[in-house]
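> with the input below, show me the fold.
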Amino acid sequence: MTQRELEHPDRHINLASGENVRDMGGYQTLDGHTTTWRVFVRSGDMDNLSGADQQALVDYGISTVIDLRMRKERDTSPNVFAKSDTIDFRIHDFWGRRFDDYRSANKTAPAHLKLGDLYCAGLKKSGFVMADIMETFAEANRSGYTFHCRSGKDRTGLVAMMLLSIAEVPEDVICADYALTADYLRHEAINPIEANKPGIWQRTCEPETMAHTLGFLRREYGGPVAYLSKVGVRDESLDSIKAKIVT
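All right, here's what the predicted structure looks like:
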């Protein structure tokens, strides 16, 4: 991995009213190819995007927006594209109500492992949602996607990890891409958990968290792509996604 890949000047999409908006292009794959620019964009919340920033995304080539948030989040902060005439807006609620009462089982674990355990539980319980997300990405004659949750870190990070895994980007790069949120996100603007409250571990963004998650996928399923097959993503869909994300 090179810092040049992570710090590529085209990675950060500078929207004045958006947070943590970045392109997933420009990463070298294990077989010597490169992930494609202007196809997959990850983002934080999109409820406050100005008209100018909305048009900037359209001009960038975005034609599909995927909202990964729970209904209560969407009701409180509706996505600006929810009723758009120009953008295909999709809802793929990754958590649902399945984690309303989630508590970390290991009270003494460091924050990055507690968060990793949440990701692993999410992948186990919400595999059917991840499969639906991938099928949306795979649809023919469609390109230019932005997918987002609240901060663009957790649910968004898991989806990004799957896409980069399909592209065969090295795991250390996947983990480093995940951790970029720490550079791009002003946590106080989005995450409401106060520093002295339970659950503060959810605000962390360490590469070790994604490494822990990838290790889980290897042990339990044989890796991210095997996991996607297990939860129902078709081989032809995986091929379609790879053709879109790899030049």
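
> point to the residue nearest the middle of this protein.
residue 156 (2.1 Å; CA atoms, centre = their mean).

> wouldn't it be in contact with residue 145 here?
No: applying CB atoms under 8 Å, one finds residue 156 not in contact with residue 145, separated by 11.7 Å. Glycine gets a C-beta too; all of them are placed from N, C-alpha and C.

> just the element for the residue nearest to the centre of the chain, please.
helix 155-166 (DSSP states H and E).

> give me the contact list for that helix.
24, 27, 35, 40, 42-44, 68-69, 94-95, 119, 122-123, 130, 133-134, 137, 147-149, 173-174, 177-178, 181, 210, 213-214, 223-225, 228, 238, 241-242, 245 (CB atoms under 8 Å, 6 or more residues apart in numbering).

> for the following helix or strand past that helix, the averaged confidence score.
Per DSSP H and E, the first helix or strand lying C-terminal to helix 155-166 is helix 171-179. What helix 171-179 shows for mean pLDDT is 97.

> and what of stretch 232-242?
98.

> buried set for that stretch?
Within stretch 232-242, the residues that count as buried by 16 or more other CB atoms under 10 Å are 233, 237-238, 240-242.

> which of the residues you listed fall in helices?
Those of these mapping onto helices are 237-238, 240-242, per DSSP state H.

> out of those residues, who's nearest residue 115?
Set against residue 115, the nearest of those by CB to CB is residue 241 (25.9 Å).

> is it true that the closest one touches residue 136?
No: using CB under 8 Å, residue 241 is not in contact with residue 136, being 10.0 Å away.

> mind checking how far residue 128 is from residue 98?
11 Å (CB to CB, to the nearest Å).

> these two: who's more crowded?
The residue with more neighbours, out of residue 128 and residue 98, is residue 98; 16 against 9, by other CB atoms under 10 Å.

> ramachandran angles for the more buried one?
phi -70, psi -10 (degrees, to the nearest 10).

> check contacts around it.
Residue 98 touches 125-126, counting by CB under 8 Å, 6+ apart.

> check the gap between it and residue 173 for me.
For residue 98, the distance to residue 173 - CB to CB - is 30 Å.

> now do residue 234
Where residue 173 is concerned, residue 234 sits at a distance of 26 Å (CB to CB).

> between the ones in helices among the buried residues of stretch 232-242, which is closest to residue 48?
Closest to residue 48, out of all of those and judged by CB to CB, is residue 241, at 29.7 Å.

> chain center to stretch 138-152, what's the gap?
Using CA atoms, centre = their mean, to the nearest Å, the mean C-alpha position of stretch 138-152 is found 9 Å from that of the whole chain.

> buried residues in that stretch?
138, 144-152.
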